[in-house]
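S.K.: Kindly return the folded structure for what I paste below:
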Amino acid sequence: MVWGMETSTEGAAQPESSPAAAVDPPVTAGPEATAGDTAAQAVAEAAAETAAVSDLVTGSTAIPPASLSPSRASDFMQCPLLYRFRVIDRLPEKPSEAATRGTLVHAVLERLFDAPAAERTAPRAKSLIPGQWDRLRETRPEVVELFADDPEGERLARWLGEAERLVERWFTLEDPSRLEPAERELFVEAELESGLRLRGIIDRVDVAPTGEVRIVDYKTGKAPRPEYSEGALFQMKFYALVVWRLKNVVPRRLQLVYLGSGEVLTYDPVLADLERVERKLLALWEAIRLATETGDWRPRPTKLCGWCDHQAHCPEFGGTPPPYPLPLKVTDR
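M.R.: Residues are numbered from 1 along each chain as shown. Coordinates of the predicted model:
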């Protein structure tokens, strides 16, 4: 509660008749650069969302969407059917090496700040990796299957080595001995005047003595090309909007730290940016509401389909979605 907000315990065109037509699809940096980071972010946000509704549902009971996170917003803009599979059907997804590595690296960077400033060194950070990997296997046993076919541990060793290199690269981009984050892994939630609830998990919040706020997010992939930076900043502007609604403060800076390529992308938002994001999210939420009531969740094929776990249920790949678990709104004809 350092900063006064709760911290968590632990991203083809549609026909105009589609409910998703009112919302532009997100711009991405390409599947290779975004798939792992998006999945890692989704894992963290899904955990928070599951905890938030655990007292409302039991078993596999389906409920209508009740809130929006950056990952779920990106899901719907990328492919409405993917959103349905994840949010309404809650279909299981296999862990991936890229996403799990991202989760591991995030945990290490968070835990490093537990040490005194002078001890926040690269060797200290790398020494945290084995323990955080053990903890991850305990809290998410499904990740063990990633290396089930690696009895000698050679692939696991390479994978852990890649995590070490990502952690080491962070020290070329930021000096943790000179940082004292106000919050780490901060769960934030705000309700707009419309009733829409926004929630997410911010990797790091820095607050200057003057009160200026910087929101920081770590990415284990590569930075997008300049023409795709707007899509990359969507998540950060989402967080900035929530902070503004909660604290009545427009963050001074949004900062994306790309460990995969050793680059830092920054953006200084103004109030008009956040107001535009809010209007976009309200339009997106209206499209989600219509799709929920009508059951009209259409696939939007992109290059990211190759990374999707749900091809067996997707009509674009000859699959059939499971029976729709929510009641459909009856309309007069």
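S.K.: just the strands in the stretch 151-300 of the chain please.
M.R.: 183-191, 197-207, 213-219, 253-258, 263-267 (DSSP state E, counting those that start in this stretch).
S.K.: TSV please, covering those strands and showing mean pLDDT, mean neighbour count and distance to S229.
M.R.: C-betas here are computed from N, CA, C, even on glycine. TSV is the format used below for the strands of the stretch 151-300 of the chain (pLDDT from 0 to 100; neighbours: other C-beta atoms under 10 Å; distance: least, C-beta to C-beta, whole Å):
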stretch	mean pLDDT	mean neighbour count	distance to S229
strand 183-191	97	20	23
strand 197-207	97	22	18
strand 213-219	98	23	12
strand 253-258	98	22	9
strand 263-267	96	15	6
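S.K.: With P301 as the reference, name the closest of the ones you listed.
M.R.: Nearest to P301, of all these, is strand 213-219, at 25.2 Å by C-beta to C-beta.
S.K.: How far off centre is that closest one?
M.R.: Relative to its chain's centre, strand 213-219 lies at 13 Å (C-alpha atoms, centre = their mean, to the nearest Å).
S.K.: any weak-confidence spans in the stretch 101-250 of the chain?
M.R.: Within the stretch 101-250 of the chain, no range satisfies pLDDT under 70.
S.K.: before we move on, back to that, columns distance to W285 on top of the strands of the stretch 151-300 of the chain, output as CSV?
M.R.: As requested, the strands of the stretch 151-300 of the chain are exported to CSV (distance: least, C-beta to C-beta, whole Å):
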stretch, distance to W285
strand 183-191, 12
strand 197-207, 9
strand 213-219, 22
strand 253-258, 22
strand 263-267, 24
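S.K.: Count residues in the vicinity of G262, would you?
M.R.: 14 (other C-beta atoms under 10 Å).
S.K.: Please report the distance of the closest residue to it other than its chain neighbours from A122.
M.R.: Nearest residue to G262 in three dimensions, chain neighbours excluded: R169, at 5.3 Å (C-beta to C-beta, 6 or more residues apart in numbering). Between R169 and A122 the computed distance is 9 Å (C-beta to C-beta, to the nearest Å).
S.K.: Which one of the two is surrounded by more residues?
M.R.: R169 (19 against 16).
S.K.: Need the overlap of contacts for R169 and A122.
M.R.: By C-beta atoms under 8 Å, 6 or more residues apart in numbering, R169 and A122 have no common neighbours.
S.K.: can you pull the contacts of L241?
M.R.: Neighbouring residues of L241 by C-beta under 8 Å, 6+ apart: A190, L198, L274, V277, E278, L281.
S.K.: For the second one, give the beta-bridge partners.
M.R.: Under DSSP bridges, the beta-bridge partners of L198 are L68, A190.
S.K.: correct me, but it touches K237?
M.R.: No. Counting by C-beta atoms under 8 Å, K237 is not a contact partner of L198; they are 11.5 Å apart.
S.K.: re earlier: looking at the strands of the stretch 151-300 of the chain, which is closest to R137?
M.R.: Closest among the strands of the stretch 151-300 of the chain, using C-beta to C-beta: strand 183-191, at 19.0 Å.
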